[in-house]
Structures are given as structure tokens and as C-alpha cells.
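Asks: Next input, structure requested:
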Amino acid sequence: MDDFATWAPVLRLLRAAHADSLAVPGGHVTGQIGIHSWSLHLPRRMPPPGQAAQLSDVQDEYDTVQLVQAALTKAGVEDMSFVAEISPSGHTALDLFGPSPAVERSFGVHPGALVLVEDSVPEPWRRLPEPVPGAAPAPSVDLALLERTLRERIPDAVAATEEEIAAAEARLGVTLPDELKVLYGVTRAKWEDFRDDDDGWERVVDAVGFEPFSTDELTVADASSRPSRWQFGAMTRGSGSDRNHNCPCCHPFRLRPTHRGAGVVQGVKVERATVRTTLTP
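Replies: Numbers count the residues shown, from 1 in each chain. Below you'll find the model as predicted:
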């Protein structure tokens with residue numbers, strides 16, 4: 001991963017696209033390349049009206065990224081971010097931001113939070129949910145109406161079998177709420193059921209109001225399946241054993257039937273370990 005030749009083709013494309021800004025003192029380019037995706041500030045040719053973008057439109061970019069992705073795969077690294085300063089003469093300083101157990105993974109070129117105590121977790125993980133004595137379904141719950149409505153909206157859906165529902169309960173160690181049992185009794189929410197129906201999955205989402213997991217994917221919303229990031233936490237840390245004491249959204253008996261939804265909160269970040277490579281052609 002530290003071989004400059006791996007990154008040189010990508011840097012040549014970025015240098016050609018940003019020659020003017022790179023010539024200014026302090027000018028630099030940034031980017032991120034992962035095994036399954038990448039983010040590079042490169043111009044792209046717009047396809048003609050009515051035509052989808054083609055791989056040939058970004059062939060040079062794709063080929064250069066493939067070299068880095070192959071190196072990532074070989075090294076067993078999920079992704080790398082970088083910052084490069086390229087002078088008009090071609091002298092290049094490349095900073096690679098790699099993964100580290102001491103630094104939280106980030107979603108961009110900027111580093112995540114520095115973790116000073118090994119296996120520590122954000123304090124909110126240690127919060128227990130507020131007790132709700134006497135909690136029960138609302139009087140307005142009408143399971144028969146729910147089933148009729150779902151069948152009217154997604155009449156061609158493939159239902160989960162009683163065995164599949166029972167297997168999910170056994171795997172999770174909890175009894176599914178009646179509303180979820182009704183949902184899975186109408187649709188098992190598997191993508192392959194809509195392979196020949198482009199709009200089928202959208203009908204399910206519209207009918208339910210979210211993108212449901214299948215019975216095989218249904219999980220309990222605990223800390224291991226929904227980890228919290230330090231940017232959402234306080235400045236207080238807990239130990240790794242505190243993972244069993246979850247915040248309200250990660251209570252051991254709160255089911256997670258969907259994967260939709262995310263939030264972003266700005267936080268203070270510090271630089272993670274880098275590898276700096278320089279080259280003078």
C-alpha cells in the first residue's frame with residue numbers, strides 16, 4: 001500500500017484536473033478509495049439526454065482506481081484516504097491515512113476520533129433505557145385490519161412461512177411482536193422475490209413505510225449490531241465490557257426490523273496515523 005507506483009496513476013489524473021489550484025501555495029487534492037467504492041474529485045463527461053452513464057465515460061478513472069483497490073484487497077485493508085501536494089515540477093508529497101485500532105474509522109478523507117484507551121466505547125452505550133411499566137399495545141391495534149391493508153397494497157408478495165418466523169424467534173431468543181408476525185405473514189421481504197419485478201420492492205416499502213429486513217436479517221438492536229461513534233458520544237468513556245449496557249436505541253430487547261435511517265453530528269476530530277511518501281521525478 002505504501003508503494004508510490006500504486007497511487008501514481010490516480011495522482012496523474014488529479015494533477016491534470018486541478019493543475020491551477022495545485023500551483024497555488026498550499027494547494028492539494030484529497031480523495032478516498034475503498035474496496036467497493038471511491039471518491040475522487042474528477043470531472044466526468046455527461047451522457048447524452050436519455051442515455052445512462054457508461055463505464056467507458058470514466059474508463060481512465062476506473063482503471064487507475066482498480067490498481068489501488070487490488071492493493072487494498074491484497075493488504076486486507078477496507079479503504080484508504082489521502083492528501084497529495086503536487087508542485088508544477090511534479091514533486092509530490094502523498095499522505096496516506098490508513099486504519100488503526102487507535103483511531104476511529106471515518107467516512108471521508110478527514111481522520112476520525114483518536115482512541116487513547118484500547119477497547120473503550122462512548123459513554124452513551126452505558127445508558128440503560130428508561131423503564132416503561134405496564135407497556136402494552138395501544139387499544140387501537142387491529143391486526144386483522146393491518147393484514148387486510150398490507151394484502152391490498154402488496155397482493156403479489158411472498159409470505160414467510162410459520163417455520164421461517166419460528167426460526168427467527170429461536171435465533172433471536174425473543175418472541176416477535178404480533179405486528180411483525182402479521183407483516184412477515186404477508187411478505188418475507190426478500191429481494192430475490194422481486195428479481196423480475198422492478199417496482200415490487202418499492203411497493204413493499206411504500207406499504208410498510210420503511211425498508212424491512214427479511215426474517216433471516218432481522219436483528220436485535222444491541223451494541224454489536226449498531227455501534228455508536230464517538231462523534232455522537234460525550235467526552236466520557238466506558239470499557240469494552242460496558243457494551244452490554246446499551247443506550248435506549250440499542251436495548252437488548254428492541255428489535256431492528258429496518259436498515260433505513262442515519263444522523264450526522266459534527267464533532268472534534270484529531271489526525272490519525274499517516275504514511276507520508278515523497279517523489280521527485
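
Asks: By mean pLDDT, which helix or strand of this structure comes out lowest?
Replies: strand 274-279 (a mean of 36; mean pLDDT, DSSP states H and E).

Asks: Helices of the stretch 1-150 of the chain, residue ranges please.
Replies: For the stretch 1-150 of the chain, helices defined by DSSP state H, counting those that start in this stretch occupy the ranges 4-17, 19-23, 59-75, 143-153.

Asks: Out of those helices, which gets nearest to Glu169?
Replies: helix 143-153 (17.2 Å; Cβ to Cβ). Every C-beta, even on glycine, is put in place using the N, C-alpha and C of the backbone.

Asks: where does this protein have low pLDDT?
Replies: Within the chain, the segments meeting pLDDT under 70 span 106-111, 123-129, 221-228, 232-281.

Asks: Can you give me the end-to-end span of stretch 167-186?
Replies: End-to-end distance for stretch 167-186, by Cα to Cα, to the nearest Å: 17 Å.

Asks: So for that stretch, what gets flagged as buried?
Replies: Neighbour-count burial for stretch 167-186 flags 168-169, 176, 180-186 (criterion: 16 or more other Cβ atoms under 10 Å).

Asks: Closest one to Leu72 out of the residues you listed, please.
Replies: Nearest to Leu72, judged by Cβ to Cβ, of these is Ala168 at 35.1 Å.

Asks: Pretty sure the closest one sits in a helix.
Replies: Yes: counting by DSSP: H, G, I helix; E, B strand; the rest coil, Ala168 falls inside a helix.

Asks: which residues sit in contact with it?
Replies: 176, 184, 215-216, 218 (Cβ atoms under 8 Å, 6 or more residues apart in numbering).

Asks: For the residues you listed, name the two members farthest from one another.
Replies: Between all members of the contacts of Ala168, the farthest pair (by Cβ to Cβ) comes out as Leu176 and Asp216, at 13.4 Å.

Asks: Since that was my last question, I'll sign off now.
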